[in-house]
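In: Need the 3D shape of this:
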Amino acid sequence: MRKLFILFLAAASLSACQQSKSAGSADSTVATMPPVAAANAAVISFESGMYNFGKIRQGEKVNHEFKFKNTGKSPLIITNATATCGCTTPGIPKAPIKPGEAGVIKVVFNSAGKSGMQDKIVTITSNGNPATTEVHLIGEVNENAAL
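Out: Reported below is the predicted structural model:
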């Protein structure tokens, strides 16, 4: 009888875990869906979403400013910018960008230890529509001194 009781208790606790697990995954799906932006949301529009730095020597640094404009109807607040690796460092404006005004995302790529074709992606997070935007820094890094 005691073994039967322990078996029943184990089965009940396992079924409870399965139910809470499936309910949790439904909640997490809803939580990760991006919010729908209002019609008067900020909109970040880049002059060019890609910069080709051409061919450089290994160890050189590339600096570029991605120019953008807020073409939306409310102030644009850039909250974060992340790169695909530590060799690329983005800098974002601290102040909100008013509708119709322009701003820049400053990006520095350090080619030390890199070689061959490079495509560094910077993901910008903002209150705009869409909430995330990507820009690309591309080019070729040569190991030898002659280009």
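
In: Please tell me how far Ile138 sits from Cys87.
Out: According to C-beta to C-beta, to the nearest Å, Ile138 and Cys87 sit 14 Å apart. (C-beta placed from N, C-alpha, C; glycine too.)

In: Strand partners (parallel or antiparallel) of the host helix or strand of Glu65?
Out: Taking DSSP states H and E as the definition, one finds Glu65 inside strand 61-70. According to DSSP bridges, strand 61-70 has the following sheet partners: strand 44-46 (antiparallel), strand 102-110 (antiparallel).

In: average pLDDT across the first one?
Out: Right, the one you point to is strand 44-46. Averaged over strand 44-46, pLDDT sits at 94.

In: circling back: how about the strands paired with strand 61-70 in a markdown table, adding mean neighbour count?
Out: Listed next are the strands paired with strand 61-70 as a markdown table, based on neighbours: other C-beta atoms under 10 Å:
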| stretch | mean neighbour count |
| --- | --- |
| strand 44-46 | 18 |
| strand 102-110 | 18 |
